[in-house]
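Sequence and predicted structure are below.
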Amino acid sequence: MSYAIDVTNLVVQYSSLRAVDDVSFHVPYGQVTTLLGPNGAGKTTLVETLLGFRPPTSGRVRLHGLDPVRDHAEVVVRTGALLQRGGVWFPMTPQQVLELTASYYDQPREPRELLTLLGLEECARTPWRRLSGGEQQRTLLALALLGRPRVLVLDEPTTAVDPEGRQVIRNLIRAERDRGCALLITTHELTEAERTADQVVIMNHGHVVVQGSLEELAGGAVLIVETSHPVDPAELGRRLGCVVSAPEPTRLHCSIASTPERVALVTAYLSEHGATLTSLRTRASLEERYLDLINENAAVTP
Amino acid sequence: MRAWWCQTRAEVRMNIRRGETLLLTLGIPVLLLVFFSLTHVTTAPAGGRINFIAPGILALCVLSTSLVALSIATGFERSYGVLRRLHVTPLGQRRMIAAKISAVVVTEVIQVIVLSLVALALHWQPHGGVRGALEVVAALLLGTAGCAGIGLLLAGRLRAEVNLAAANGLYLVLLLMSGIVVPLSSMPSVVRHVALYLPSGAMADALHLIVGHAQHASATDWWSLGAWALVAPLLAARTFRFE
């Protein structure tokens, strides 16, 4: 099977620093993969290697089955990219730069249609230097979409974008996925990732900590209890007959599936100890899993 | 072809709208042409000051547009991430450089027309006829390739601010020691010999010989211009960094 993006045992080394260390994953067409990780995890280096800015030190990257360095001209025709630190000529307006960039493609999308789709009509004739951060980001996204790409690589697409703009970008990501485009998105916005990702890859110190669907990442059955006051997790664990940990004093993770009896037992226990139930969930949020994994990884990495 | 044409048009439009580029490519050359033609702050060979200054200023046009303006604009485009973004579009490095050079040539044509008109108004009497005109075009084109190569070499390696200082510094040094406004004959022999191996010096010398004295440019001038036109762009292409 040919994947839209195929990364196999990728290593990228800068002198003594191994920025990407033996990373493997793939993205099929029609799927959104989100790349998460703290600053310096190697996400941007990985994206730049995918886009042919540098050859891998070892391993292999393929876009549409092509080598992004050797077959660069062919790759960029079918790939849209929004880069961090990717800019536009200061005097140009979104309309001008979209019209100019459209001339690079054989069958581009209509610039006017993209201006409307991304809510840029009002600032279409405003020079780049006078646009807000969110307007600049949406213009860059419009540029990435101009060539009707089959693969979209978006490096931090929601940075500096207001909530309305995020909604627009989120809808657009879903629309592109639905038309069969493969999307690789790097972000720090875990709630955004949770809303759009089909697959998540978490990186730290250059290597993949974990990858899988949101369901797979959420782990096994769990009951997450948040309380108004701290309570003894060991005692609650004895009552429920499972392991209960307390990552925070008022947040308890019970390794057990939710049933009406168990929920009743928890509320009764809290009431006995003068605490109120403030939240009850049956799945860890991506943020919780992410922080747990990064902290676990930091503990084992010298 | 369409991408190259649209990109060239956009580059020319931006050059024309950029105040500092206009000052560098038209303002300063016109000012220097008028100032050095009408004053006697430098010595000039026999045959009228304007007949010495005008060919030198034509060489200066190439220097200011293809080396300084191109280098500064490209350096800032690199620093603002414009080149990074272009790298992931189908425009491609070759068409981007071709569009930049085409825009430089268009700007130079405008410069040559404006400056020739000003010089003619100051009683410039160019020599050489059609043959001379063709030789002038060849010298200017070779000079453009060499200077553009140096400009892109600087822009592709240095930080934008360092490149800005380096390009302006180079402009001043080459202006003074290339026989553009100060005749090479009035300089120490070491400087005179070095100048002829610089693209601006060889260009100024060739133009002085062709349109000032109705002679052919010297073999040294052609070799020097040809070598710079070949080596500088190749070096720039090999060392250029998008980031």
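Received the coordinates, thanks.

which stretches of the chain form strands?
With no chain named, the answer covers chain A. A:5-14, A:17-27, A:32-36, A:58-63, A:79-82, A:151-155, A:182-186, A:199-204, A:207-212, A:223-227, A:244-248, A:251-254, A:277-281 (DSSP state E).

Setting aside sequence neighbours, what's the nearest residue to residue B:110?
Nearest non-adjacent residue to residue B:110, counting by Cβ to Cβ, 6 or more residues apart in numbering or on different chains: residue B:26, 7.8 Å away. Heads up, the C-betas are built off the backbone N, CA and C, glycines and all.

Residue B:80 too?
With sequence-adjacent residues excluded and distances taken as Cβ to Cβ, 6+ apart, residue B:80 is closest to residue A:87, at 4.1 Å.

how much space between that neighbour and residue A:94?
As judged by Cβ to Cβ, to the nearest Å, residue A:87 and residue A:94 stand 13 Å apart.

for residue A:125, same thing?
Using Cβ to Cβ, residue A:125 is found at 8 Å from residue A:94.

Between the two, which is the more surrounded one?
Neighbours per residue (other Cβ atoms under 10 Å in any protein chain shown) separate residue A:125 from residue A:94, with residue A:94 holding more: 28 against 10.

Test my guess that residue A:281 contacts residue A:224.
Yes - if you go by Cβ atoms under 8 Å, residue A:281 and residue A:224 touch, sitting 4.4 Å apart.

residues from chain A in reach of chain B?
A:51-53, A:73, A:76-77, A:79, A:81, A:83, A:85-92, A:96, A:100-101, A:103-105, A:140, A:143, A:147 (Cβ under 8 Å from any Cβ of the partner chain).

one step back: mutual contacts of residue A:87 and residue A:94, please.
By Cβ atoms under 8 Å, 6 or more residues apart in numbering or on different chains, residue A:87 and residue A:94 have these common neighbours: residue A:128.

Tell me the residues of chain B that contact chain A?
Those residues of chain B that sit near chain A, judged by Cβ under 8 Å from any Cβ, are B:2-3, B:5-7, B:10, B:14, B:17-18, B:77, B:80-82, B:84-85, B:87-92, B:242-243.

Contacts only, for residue A:2.
Contacts for residue A:2 (Cβ under 8 Å, 6+ apart) come out as A:64, A:65.

Let me see the confidence value for it.
pLDDT for residue A:2: 80.

how about the helices in chain A?
For chain A, the helices defined by DSSP state H occupy A:43-50, A:72-77, A:94-102, A:111-117, A:133-145, A:163-178, A:190-196, A:214-218, A:233-240, A:260-272, A:286-300.

cool, and chain B?
With DSSP H, the ranges of helices along chain B come out as B:2-17, B:19-22, B:28-38, B:49-62, B:70-79, B:82-87, B:92-121, B:129-155, B:160-177, B:189-196, B:199-207, B:213, B:219-239.

Could you dump the ones you listed into TSV and include distance to residue A:214 and mean pLDDT?
Listed next are the helices of chain B as TSV, based on distance: least, Cβ to Cβ, whole Å; pLDDT from 0 to 100:
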stretch	distance to residue A:214	mean pLDDT
helix B:2-17	41	90
helix B:19-22	52	86
helix B:28-38	62	91
helix B:49-62	61	91
helix B:70-79	39	93
helix B:82-87	31	92
helix B:92-121	39	91
helix B:129-155	45	94
helix B:160-177	43	92
helix B:189-196	68	89
helix B:199-207	61	93
helix B:213	80	86
helix B:219-239	45	93
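
Alright, that wraps it up for me.
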